[in-house]
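In: Give the three-dimensional model of this entry:
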Amino acid sequence: MKIVAVAACPAGLMHTFMAAKALKKMAQKNKSEILVETQSASGIENQLTDKDVSEADGVILAIDTAIEGMDRFKDKVVVQTNTTKVLKNAQDIYNELENLIGEK
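Out: A predicted model of the protein is given here:
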């Protein structure tokens, strides 16, 4: 499965990058590809391209605040959660996305 994700929190510090790391670890465990964009106080890092988004099977939004570019995911299967839930159990988020993709 190909996944794109965005991680963001209001302060844009620890939780953003910890969530990104948890998502990458979860994808590796499930033998899935993932690209994670972070939006933080220092700006956008690893910005997803239109091609990245179009080729993705699904999207995980681990966000605690509004993000830039939300409209680019309008035609995708999306699971939106917060960074804390990703940190506690990224596997549940992955399973939810996989189930939604299977239903599509």
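
In: What is the least confident helix or strand in this protein?
Out: Least confident helix or strand of the chain, by mean pLDDT, DSSP states H and E, is strand 43-45 with a mean of 93.

In: which helices and strands does that strand pack with?
Out: When contacts are defined as 3 or more C-beta pairs under 8 Å, 6 or more residues apart in numbering; DSSP states H and E, strand 43-45 packs onto strand 33-40. (Each C-beta comes from the backbone N, C-alpha and C, glycine too.)

In: Could you list the paired strands of the least confident helix or strand of the chain along with their orientation?
Out: strand 33-40 (antiparallel) (DSSP bridges).

In: the helices in the protein, which residues?
Out: Applying DSSP state H to the chain gives helices spanning 14-29, 50-55, 83-103.

In: Highest average neighbour count across the ones you listed: which stretch is it?
Out: Mean neighbour count (mean count of other C-beta atoms under 10 Å) peaks for helix 14-29 among those, with a mean of 19.

In: Render the CA-only coordinates of it in PDB, please.
Out: Provided in PDB are the C-alpha atoms of helix 14-29 (Å, rounded to 0.1, in the frame of the first residue of the first chain):
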ATOM      1  CA  MET A  14       8.000  17.500  19.300                       C
ATOM      2  CA  HIS A  15       4.600  15.900  18.500                       C
ATOM      3  CA  THR A  16       4.900  16.700  14.800                       C
ATOM      4  CA  PHE A  17       8.200  14.900  14.300                       C
ATOM      5  CA  MET A  18       7.400  12.100  16.800                       C
ATOM      6  CA  ALA A  19       4.200  11.300  14.900                       C
ATOM      7  CA  ALA A  20       6.100  11.400  11.600                       C
ATOM      8  CA  LYS A  21       8.600   8.900  13.000                       C
ATOM      9  CA  ALA A  22       5.800   6.600  14.300                       C
ATOM     10  CA  LEU A  23       4.000   6.600  10.900                       C
ATOM     11  CA  LYS A  24       7.200   5.700   9.100                       C
ATOM     12  CA  LYS A  25       7.900   2.900  11.600                       C
ATOM     13  CA  MET A  26       4.400   1.600  11.200                       C
ATOM     14  CA  ALA A  27       4.600   1.600   7.400                       C
ATOM     15  CA  GLN A  28       7.900  -0.300   7.500                       C
ATOM     16  CA  LYS A  29       6.400  -2.900   9.800                       C
END
